[in-house]
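Chemist: here are the coordinates; sequence isn't available:
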């Protein structure tokens, strides 16, 4: 390959790596792509019980829909009547199902797979519905690690491309200079 073309190709690699790094940084800042909707359990009305099968490995969570912002109370109990904790999720999640927005409101802290009874109660006169499904949010420690890694990669890729282009340029220029010094002087023909 001609030396000039080799240098141009090396700097083109740097340009592409800069583009990929920029795109990666923008995607890290703007957030992940939407993921497919999870399968949510059947909706149930405020004040009614819903028996659901939960597995702690699937990170079960409770989603709510209401006509307006309201407060409500929920409980999760096993067949023996033992209560399990409901905690605020590590992040926000909203699932659109038809015209309803199901908001992630609680993570369900069950310790073993099995059937559980979920009951939620909204204030009298307010319409609210609830569903159980997986928590799709990422725990804060994992999210921070992933974000840090993405930001680092967004900068490391262009830096590596720049170093590559710089090394190729220096090597090609040095070889060209060395080749010129070792060539015999051109003689003129008369």
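Modeler: Nice, I can see it. The structure presented is a predicted model; accordingly, all values stated were derived computationally and were not measured.

Chemist: mind giving me the domain ranges of the protein?
Modeler: Residue ranges for the domains of the chain, per automatic domain parsing: 3-32+142-182, 44-135.

Chemist: and the ones you listed, which one's lowest on average pLDDT?
Modeler: Mean pLDDT per stretch puts domain 3-32+142-182 lowest among those, at a mean of 81.

Chemist: residue boundaries of the helices in this protein?
Modeler: Per DSSP state H, the chain carries helices over the ranges 3-30, 140-182.

Chemist: pipe those helices into CSV and attach mean neighbour count and distance to residue 134 per row.
Modeler: C-beta: built from backbone N, CA, C; applies to glycine. Below are the helices of the chain laid out as CSV (neighbours: other CB atoms under 10 Å; distance: least, CB to CB, whole Å):
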stretch, mean neighbour count, distance to residue 134
helix 3-30, 15, 23
helix 140-182, 13, 15
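
Chemist: so for residue 51, which of those helices sits nearest?
Modeler: Comparing the helices of the chain against residue 51 with CB to CB, the closest turns out to be helix 140-182 (31.2 Å).

Chemist: quick check: angle from that closest one to helix 3-30?
Modeler: Angle of helix 140-182 versus helix 3-30, following axes from the mean of the first three to the mean of the last three CA atoms, to 10 degrees, is 170 degrees.

Chemist: between the helices of the chain, which gets nearest to residue 83?
Modeler: Smallest distance to residue 83 across the helices of the chain (CB to CB): 25.5 Å, for helix 140-182.

Chemist: by contact count, what packs against the closest one?
Modeler: Contacts defined by 3 or more CB pairs under 8 Å, 6 or more residues apart in numbering; DSSP states H and E place helix 140-182 against helix 3-30.

Chemist: now for the helix it packs on, which elements pack on it?
Modeler: helix 140-182.

Chemist: what is the burial count for residue 60?
Modeler: Using other CB atoms under 10 Å, residue 60 is surrounded by 25 other residues.

Chemist: the spatially closest residue to residue 113 that is not a sequence neighbour and residue 25: what is the separation?
Modeler: Nearest residue to residue 113 in three dimensions, chain neighbours excluded: residue 55, at 4.2 Å (CB to CB, 6 or more residues apart in numbering). According to CB to CB, to the nearest Å, residue 55 stands 37 Å off from residue 25.

Chemist: show the end-to-end separation of stretch 46-59, please.
Modeler: Terminal residues of stretch 46-59 are spaced 23 Å apart (CA to CA, to the nearest Å).

Chemist: how about the contacts made by residue 78?
Modeler: Residues near residue 78 by CB atoms under 8 Å, 6 or more residues apart in numbering: 84, 110, 114, 115, 116, 117.

Chemist: now do 6 Å
Modeler: The contact partners of residue 78, taken as CB atoms under 6 Å, 6 or more residues apart in numbering, are residue 116.

Chemist: what does residue 49 give?
Modeler: Residues near residue 49 by CB under 6 Å, 6+ apart: 117, 119.
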